[in-house]
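J.: Pasted the sequence and its predicted model underneath.
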Amino acid sequence: MEPPRYECDGCGACCRTFAIFAAETDAQREPRIGDESLRLRPWLTTPEREYQLFPLPFHETCCFLDGDNRCTIYASRPDVCRGFEPGSEQCQEARRSCKLAPLEPTAG
């Protein structure tokens, strides 16, 4: 039996629940990452973590979410965001923390 499939509904819960870090390659693909996020101190960096997008002071969500919880850099978003699985336990946890209903599997 095939596992259930989920399609992201764009709620933005993951972008306002979990810490989000980006790599230098992400910043090269999307220059706003370097301009609008926090560059980590050299002793804190790893190849996957050069910039912190969330949490940041004075931000309640990722700094790239708009007022409708939509990603303003979706086409060039960081690899960590690309790899986030809709319907995964982390996804469902983020939805619970934002008081949203669980994401349901897609039909068919």
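T.: Good, I have the coordinates.
J.: the strands in the chain, which residues?
T.: 20-22, 38-39, 51-54 (DSSP state E).
J.: Dump the longest one to PDB, restricted to CA.
T.: Same thing as strand 51-54. Taking Å, rounded to 0.1, in the frame of the first residue of the first chain, the C-alpha atoms of strand 51-54 are listed here in PDB:
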ATOM      1  CA  TYR A  51      22.100  32.600   8.200                       C
ATOM      2  CA  GLN A  52      19.200  32.700  10.700                       C
ATOM      3  CA  LEU A  53      15.800  33.500   9.200                       C
ATOM      4  CA  PHE A  54      13.700  32.700  12.300                       C
END
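J.: Output the contacting helices and strands for it.
T.: In terms of contacts (3 or more CB pairs under 8 Å, 6 or more residues apart in numbering; DSSP states H and E), strand 51-54 is packed against strand 20-22, helix 24-29, helix 31-36, strand 38-39. Heads up, the C-betas are built off the backbone N, CA and C, glycines and all.
J.: Just put those in TSV and tack on mean neighbour count and distance to Cys98.
T.: As requested, the helices and strands packed on strand 51-54 are exported to TSV (neighbours: other CB atoms under 10 Å; distance: least, CB to CB, whole Å):
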stretch	mean neighbour count	distance to Cys98
strand 20-22	24	15
helix 24-29	16	24
helix 31-36	14	23
strand 38-39	15	23
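J.: that older thread, JSON lines for the strands of the chain, including distance to Gly12 and mean pLDDT?
T.: Compiled in JSON lines, these are given as follows (distance: least, CB to CB, whole Å; pLDDT from 0 to 100):
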{"stretch": "strand 20-22", "distance to Gly12": "12", "mean pLDDT": "97"}
{"stretch": "strand 38-39", "distance to Gly12": "20", "mean pLDDT": "96"}
{"stretch": "strand 51-54", "distance to Gly12": "11", "mean pLDDT": "96"}
